[in-house]
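Chemist: sequence unknown, structure follows:
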């Protein structure tokens, strides 16, 4: 038996509306891009305006994905019903994951549009700028929500906290391994979630470096595919308490 | 399952009877090592169409049996089958109805959203008077947040969820706990009807007076084993009430 996305939607939409991001959260994420129009280049932590907007957008994507996906993985309150109706729990998780992906895509498109608007007249090509900002936001959100899914499925009680730690480690990895051999650096980059690689992909898209972009995209897809498969395998073996 | 719920509370006759659940020398445990505990230990019994009451003292293994019958727990020894196959296979292919003792519900949904998410056709069973498959009082709660419902109303929603997709097997763990007398009466009417229609219903409860009005069969459980099976007629021919039978069975075991 299965439910299909249309039916899964009838649970996920109220979840977004009433739990996370919620109405207030939704309005906040809608309004936050106003920050893109501030003179971010005046702050010493940003190299330039583009870097400032990209960093803010990246931060929005992380916060948004961690909030929406916080109750990810096997949930007692709905799993016991899905299970008894013969609806595979892994399938319901995929449906939720896809719906969250759709919501993240809408949010990232909004932030990218506002970011592009804020950078009009800066000499950057609007379409490639919009695409690179969209991809940065979307890939970051997908990676974060997939990590929460797999950690929850593995039974980690504070999956969101651990995901934040994994993001931090991923971003610091180049600094932590700069004196290590190239082999070790490569190994570390494949083990840690590729949040850093999302930046490489976005930069490649903006600069038209197709080979670099394709390699980064492949890295992200392989990592996400493997992690998602592990999470779904664990969920397929999990049983609610009832 | 060959029949389906139709409009209002009219329900088509179940063409095929509910499945038979057969447990043989069933052993089911919890935990590992020094913290391991047995829920069932050599449990043997079978349950067919109609209403069977699972009766026994606290910790006898009733809930463990129900959870094993719906595939939530796996036996470490012995076997259990539903319609001749492993419960997991049966559940995957046909679905069942299982009402846990404290049913977990997604608090942020309304009953309408919750039931629609389980089976989109579910609300076609909503009658003109706000009853859902004969469970009254749905009209006024259908669009309220589940978090705001009373315990009895939540149990109604959970029962409707268990009955969705027209299961052939319905397992109920202490369904009357926390319900007022009117809600208990409503539940009795629903169960009596689905039992008559041929659904296999297994009810675990301590309310023997209620079971006496409801159950066609009695299975006594103690220490993880089945310690006696009776039909309602046999029981009431020999004892004035289920209470008297219960007392006799468990007094003798304790003696």
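Modeler: That came through, no problem. Treat the numbers as computed from the prediction; the structure is a model and nothing was measured.
Chemist: Please list the residues of chain B that sit near chain A.
Modeler: B:67, B:70-73, B:91-98, B:100, B:103-110, B:113-114, B:116-120, B:145, B:161-162, B:164-165, B:167, B:173 (C-beta under 8 Å from any C-beta of the partner chain). (Each C-beta comes from the backbone N, C-alpha and C, glycine too.)
Chemist: give me that answer again for 7 Å
Modeler: B:67, B:70, B:72, B:91-98, B:100, B:104-106, B:108-109, B:113, B:116-118, B:120, B:161, B:164-165 (C-beta under 7 Å from any C-beta of the partner chain).
Chemist: Can you tell me which of those are buried?
Modeler: Among the residues of chain B next to chain A, those classed as buried by 16 or more other C-beta atoms under 10 Å in any protein chain shown are B:67, B:70, B:72, B:91-92, B:94-98, B:100, B:104-106, B:108-109, B:113, B:116-118, B:161, B:164-165.
Chemist: so who does residue B:98 touch?
Modeler: The neighbours of residue B:98, taking C-beta atoms under 7 Å, 6 or more residues apart in numbering or on different chains as the test, are A:84, A:242, B:70, B:162, B:171.
Chemist: what's the closest of those to residue A:44?
Modeler: Nearest to residue A:44 among the contacts of residue B:98: residue A:242, at 56.1 Å, using C-beta to C-beta.
Chemist: What are the boundaries of the strands in the stretch 51-200 of chain B?
Modeler: Secondary structure of the stretch 51-200 of chain B (DSSP state E, counting those that start in this stretch): strands located at B:77-82, B:97-99, B:169-173, B:200-204.
Chemist: In JSON lines, list these along with mean pLDDT and distance to residue B:59.
Modeler: Formatted as JSON lines, the strands of the stretch 51-200 of chain B follow (pLDDT from 0 to 100; distance: least, C-beta to C-beta, whole Å):
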{"stretch": "strand B:77-82", "mean pLDDT": "97", "distance to residue B:59": "20"}
{"stretch": "strand B:97-99", "mean pLDDT": "97", "distance to residue B:59": "20"}
{"stretch": "strand B:169-173", "mean pLDDT": "97", "distance to residue B:59": "14"}
{"stretch": "strand B:200-204", "mean pLDDT": "97", "distance to residue B:59": "12"}
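Chemist: Now residue B:46: phi and psi?
Modeler: Dihedral angles of residue B:46 (phi, psi; degrees, to the nearest 10) stand at phi -130, psi 150.
Chemist: what's it in contact with, if anything?
Modeler: Going by C-beta under 7 Å, 6+ apart, the list of residues near residue B:46 reads B:20-22.
Chemist: Flag every residue of chain A that's near chain B.
Modeler: A:1, A:7, A:10-11, A:14-15, A:18-19, A:76-78, A:80-81, A:84-86, A:239-240, A:242.
Chemist: In PyMOL, select just the buried ones from those residues.
Modeler: In PyMOL, a selection of the buried entries from the residues of chain A next to chain B looks like this (16+ other C-beta under 10 Å):
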select buried, chain A and resi 7+10+11+14+15+19+77+78+80+81+84+85+86+239+240+242
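Chemist: in terms of contact, does residue B:122 touch residue B:113 like I think?
Modeler: No - taking contacts as C-beta atoms under 7 Å, residue B:122 lies outside contact range of residue B:113: 11.0 Å.
Chemist: Could you check how far the closest residue to residue A:56 other than its chain neighbours is from chain B?
Modeler: Using C-beta to C-beta, 6 or more residues apart in numbering or on different chains and skipping residues adjacent in sequence, the residue nearest residue A:56 is residue A:35, 5.7 Å away. According to C-beta to the nearest C-beta, to the nearest Å, residue A:35 and chain B sit 30 Å apart.
Chemist: So which residue is smack in the middle of chain A?
Modeler: With distances taken as C-alpha atoms, centre = their mean, chain A has residue A:141 as the residue nearest its mean C-alpha position (1.3 Å).
Chemist: now that one, what's its secondary structure?
Modeler: helix (DSSP: H, G, I helix; E, B strand; the rest coil).
Chemist: what comes up buried for the longest helix seen in chain A?
Modeler: Identified as the longest helix of chain A according to DSSP state H is helix A:89-118. Buried residues in helix A:89-118, counted by 16+ other C-beta under 10 Å: A:89-97, A:99-100, A:103-104, A:107-108, A:110-112, A:114-116, A:118.
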